[in-house]
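1. output the structure for:
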Amino acid sequence: MARIAPLAALAAFGLTLSACAEPTPQQQEADRIKDAAEAQADQIEAAADNQAATLESQAAEMVNASGVGGSYDAQMAKVRSDALKQEAELVKDKAQAQAKAVRDQGQAQASALLAQ
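-> Modelled structure (predicted):
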């Protein structure tokens, strides 16, 4: 029993050393591919957030400009405002899907590189 503990400690130490080894050129390239994909996905999401914020701002302005009340103009402004809000949500959803696709593609390319 006394011999097992030192052997386990040596094995754990060996695993720790191997984890600290320099990455191979393939690992470095795979990391670069994943980082580039992540940056591109972040850009897609940021652009969509900006576009959605603009649409939401337009929707709010439209409602404020039409005033409150039951006039036909106010009702039409509310409908347009709701449509702009819905468009903003669709812009965000589309961007999330595109960003996920970019991240997934980067992960797939990195995995393929490492599998060689």
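
2. I figured A77 hits N64, correct?
-> No - A77 lies out of contact with N64 (Cβ atoms under 8 Å); the separation is 9.1 Å. For every residue, glycine as well, the C-beta is placed using N, CA and C.

3. so what's the closest residue to A110 other than its chain neighbours up against?
-> Excluding the flanking residues, the one nearest A110 by Cβ to Cβ, 6 or more residues apart in numbering is A30, at 3.7 Å. By Cβ atoms under 8 Å, 6 or more residues apart in numbering, A30 lies in contact with 109-111, 113-114.

4. which of these sits closest to L90?
-> Q109 (28.7 Å; Cβ to Cβ).

5. show the pLDDT at the closest one.
-> pLDDT, Q109: 97.

6. equivalent analysis for N64, please.
-> pLDDT, read off for N64, is 86.

7. poorly predicted segments of the protein, please.
-> 1-20, 68 (pLDDT under 70).

8. the helix ranked longest in it: how far from the chain's middle?
-> For the chain, the helix with the greatest residue count under DSSP state H is helix 72-115. Remark: helix 72-115 is offset 11 Å from the chain centroid, using Cα atoms, centre = their mean, to the nearest Å.

9. counting by contacts, list what that helix packs against.
-> helix 25-66 (3 or more Cβ pairs under 8 Å, 6 or more residues apart in numbering; DSSP states H and E).

10. now do the helix it packs on against helix 72-115, angle only.
-> Per axes from the mean of the first three to the mean of the last three Cα atoms, to 10 degrees, the angle that helix 25-66 makes with helix 72-115 is 180 degrees.

11. mind starting the numbering at 794 from now?
-> Renumbered: residue one is now 794, and that last one reads helix 818-859.

12. hmm, back to that, tell me the one among the contacts of A823 nearest to Q879.
-> Nearest to Q879 out of the contacts of A823 is Q902 (Cβ to Cβ; 34.9 Å).
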